[in-house]
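1. Provided below are the primary sequence and the corresponding predicted coordinates.
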Number of protein chains: 2
Amino acid sequence: MTSELERLFEHLRFASISTDSRHVADVRANAEWLVGQFEGMGMATEIHETPGNPIVIARNKHVGGRRTVLIYGHYDVQPVDPLELWDSAPFEPEIRDGKIWGRGGADNKGQHFVHMLGAEKTIREDGELPVNVIFLIEGEEEIGSPNLVPFLEEHRDELACDIIAVSDTGMVAPGVPTLGYGLRGITCLEVMVKGPTGDLHSGVYGGAVANPATAAARMVASLHEDDGKIAVDGFYDGVIPLENWEREMWAKVPGAADEDFLKTTGSPESFGEPGYSIAERLWGRPTIEVNGIGSGYQGEGSKTVLPAEAMFKLSCRLVPGQDPAMVQEKVEAHLRTHTPAGVTI
Amino acid sequence: MTSELERLFEHLRFASISTDSRHVADVRANAEWLVGQFEGMGMATEIHETPGNPIVIARNKHVGGRRTVLIYGHYDVQPVDPLELWDSAPFEPEIRDGKIWGRGGADNKGQHFVHMLGAEKTIREDGELPVNVIFLIEGEEEIGSPNLVPFLEEHRDELACDIIAVSDTGMVAPGVPTLGYGLRGITCLEVMVKGPTGDLHSGVYGGAVANPATAAARMVASLHEDDGKIAVDGFYDGVIPLENWEREMWAKVPGAADEDFLKTTGSPESFGEPGYSIAERLWGRPTIEVNGIGSGYQGEGSKTVLPAEAMFKLSCRLVPGQDPAMVQEKVEAHLRTHTPAGVTI
């Protein structure tokens, strides 16, 4: 094993689970390990305390007149449950079938460590980097980065830069360098549909008063046309159309043909807005997805209940030209117009 | 308190919860208490063992040439959770606001005990009952009476009768004697809607493959017209129309006007098959109700999941002229025709 790989494995051995307070010491140890790595590269390194987990900042010697690149990463990871689905221990990385298995390898320790190794090698071979570099590696990405924006605001001047590189995505295929130049935005809604004041017996009352589960289903169904197009009035307003060069480029991206996506997802066939390839739908078109729906009895067997309420959670993925607040307003207006008689939302 | 009421309270104090094996001794004690009551009335009483809870049979002296009436009841009760919603202990009956509060008072101890008191009084005053009577009080109604049919088959001859009286329903209003001459039947379906092989990230994959939660909602929505009529082809085939005399009689039943039902259910307005009053929909028309629907994330907050599957449970209430197997077949055929692209059921 190369010494670079050994160092990546050291990085992966920290159980830096930011959402679990039992791992707060692992998180801190991981941050301190990063400080040691950056110092070993000869970079000026600081560990910044926050109300949560520390942020590691490292910079080479900045020279006036050069461009400044900020490289973002995060050293915290997702929880590892359910443990029984792992073939090897999550924090004891190992190589199987040419792949590294270990929590955080692909999100995000592997990515930012590659940038660190690249900087290290250039410094070793050329004596310095051709640009001013700032590494910013935080420890709270997996819990929504609650302390990042306050930190950025406080250190706005020191962090001024020309380019930000965020390698927190994947490569479309092995060996294919991939530049992600946009990610869809999001706005979420949760809807409660209320009917009778309490659960009713569906034998005694079924058919006479509106069933909130049926009503919720009808509201969800009203969001799309049969062909997959979104039926919310004005939803596509302002959406910047895909450029021809984008569509042509995306069509050539390896691993991003419709068949590839179907293979990855295991879906029996593609379904979505007509007139677009899967890649175009995913990378350039807005959506409304049901993330959850629930009402009544969901256990084993049957229960003759007419539920008092139903819930559904929606998320809209947004693209340039859409305003989250406006989209939220339009979806809400649509749902109010499409609330069936006999229930309230 | 009258001695009759005291005896009803004794009956109500048994925690005869048939679904909970911790109460098996209470169930048996309750059956034995019933035996004592019937014997006190001078009736020939037997306690019949079953693989589950005992069945109590009591009969007066049968005389040839008279009609035989079988009176059915059950001494088992539903569980009492959640206990914190009770204002008094479920098995310590008490009278508040002119009502008896105690588990089983309305289902079914109160009802069959009234029949017992009626028989007792007639025997005391007239020396005998004018008809042959068989009381059959079982202890497994609340768990689907698994041992009742085998018992009936085994004792077919001894239980032969002209009339069966089942008082396991309610009165439409206080002081209004109520004869229920039919209850709707039932057939149930549970549908699993499958899309991708595993849950997907809705940001990465949303909009490209069919979402089983959306698909399930669309299938549920397809079951009814906007106005509440059932849209399943052939669903109403063979349904015997309501007779004019029934509609006229039902319109006069106290406590069964649309306003009364809305008050009972707390629903904001009536909703169902057009052209029928609530009472007519409930007592004479078939329905399809969603008893449960579930998919994706239903906890607090949001989770950007595109769920791999969705589930819904339906029950159809049936009326004379409908065959459960045929209805099941028609609903299933409808759902298969209305399964959106990109998912399987």
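-> Right, received. Where do you want to start?
2. the residue of chain A most remote from its centre and residue B:180, how far apart?
-> Centroid-distance maximum for chain A: residue A:204 at 46.1 Å, with C-alpha atoms, centre = their mean. Using C-beta to C-beta, to the nearest Å, residue A:204 is found at 11 Å from residue B:180. Placement of C-beta: from N, CA and C, glycine included.
3. any common contacting residues for these two?
-> Counting by C-beta atoms under 8 Å, 6 or more residues apart in numbering or on different chains, residue A:204 and residue B:180 have no common neighbour.
4. thought residue A:217 was touching residue B:213?
-> No. The pair residue A:217 and residue B:213 does not pass the contact test of C-beta atoms under 8 Å, sitting 9.8 Å apart.
5. okay, and the common contacts of those two?
-> With C-beta under 8 Å, 6+ apart, residue A:217 and residue B:213 have common neighbours residue A:293.
6. elements contacting the host helix or strand of the residue farthest from the centre of chain A?
-> In this assignment (DSSP states H and E), residue A:204 forms part of helix A:202-205. Under the contact criterion of 3 or more C-beta pairs under 8 Å, 6 or more residues apart in numbering or on different chains; DSSP states H and E, helix A:202-205 touches strand A:305-306, strand B:287-296, strand B:309-318.
7. output it in PDB with nothing but the alpha carbons.
-> C-alpha atoms of helix A:202-205 as PDB (Å, rounded to 0.1, in the frame of the first residue of the first chain):
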ATOM      1  CA  SER A 202     -64.900   2.400   7.900                       C
ATOM      2  CA  GLY A 203     -67.800  -0.100   8.000                       C
ATOM      3  CA  VAL A 204     -70.000   2.300  10.000                       C
ATOM      4  CA  TYR A 205     -69.000   5.600   8.300                       C
END
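8. near residue A:86, how many other residues are there?
-> Other residues within reach of residue A:86, judged by other C-beta atoms under 10 Å in any protein chain shown, total 14.
9. quick one, what contacts it?
-> Applying C-beta under 8 Å, 6+ apart, the residues contacting residue A:86 are residue A:80.
10. that one and residue A:119: what is the separation?
-> According to C-beta to C-beta, residue A:86 stands 32 Å off from residue A:119.
11. and what of residue A:90?
-> Distance of residue A:90 to residue A:119, computed by C-beta to C-beta: 28 Å.
12. then residue A:110?
-> Taking C-beta to C-beta, one finds residue A:110 at 15 Å from residue A:119.
13. so these two - more neighbours on which side?
-> More crowded of residue A:110 and residue A:119, by other C-beta under 10 Å: residue A:119, with 21 against 17.
14. the more buried one reaches residue A:131, doesn't it?
-> No. Using C-beta under 8 Å, residue A:119 is not in contact with residue A:131, being 9.9 Å away.
15. which ones are touching the residue farthest from the centre of chain A?
-> Per C-beta under 8 Å, 6+ apart, neighbours of residue A:204: residue B:282.
16. do residue A:57 as well
-> Per C-beta under 8 Å, 6+ apart, neighbours of residue A:57: A:45-46, A:48, A:134-136.
17. repeat that with 7 Å
-> A:46, A:48, A:134-136 (C-beta atoms under 7 Å, 6 or more residues apart in numbering or on different chains).
18. same thing with residue A:15?
-> Counting by C-beta under 7 Å, 6+ apart, the residues that residue A:15 touches are A:23, A:26, A:91.
19. and if we set it to 8 Å?
-> Here residue A:15 is in contact with A:23, A:26, A:77, A:90-91, A:103 (criterion: C-beta under 8 Å, 6+ apart).
20. nearest residue to it in space, please, no chain neighbours.
-> residue A:26 (4.4 Å; C-beta to C-beta, 6 or more residues apart in numbering or on different chains).
21. so that neighbour belongs to a helix, correct?
-> Yes. Residue A:26 forms part of a helix when assessed by DSSP: H, G, I helix; E, B strand; the rest coil.
22. any idea how far it is from residue A:258?
-> For residue A:26, the distance to residue A:258 (C-beta to C-beta) stands at 42 Å.
23. so these two - more neighbours on which side?
-> Set residue A:26 next to residue A:258 and count neighbours by other C-beta under 10 Å: residue A:26 wins out with 19 against 14.
24. so what's the backbone phi/psi at the residue nearest to residue A:102 when sequence neighbours are not counted?
-> Once flanking residues are discounted, residue A:102 sits nearest to residue A:93: 3.0 Å by C-beta to C-beta, 6+ apart. Main-chain dihedrals, residue A:93, degrees, to the nearest 10: phi -60, psi 140.
25. for residue A:93, the count of nearby residues, please.
-> With other C-beta under 10 Å as criterion, residue A:93 counts 21.
26. residues touching it, list them.
-> Going by C-beta under 8 Å, 6+ apart, residue A:93 touches A:8-9, A:12-13, A:100-102, A:105.
27. next, the buried residues of stretch A:153-164.
-> Neighbour counts over stretch A:153-164 (16 or more other C-beta atoms under 10 Å in any protein chain shown) mark A:159, A:161 as buried.
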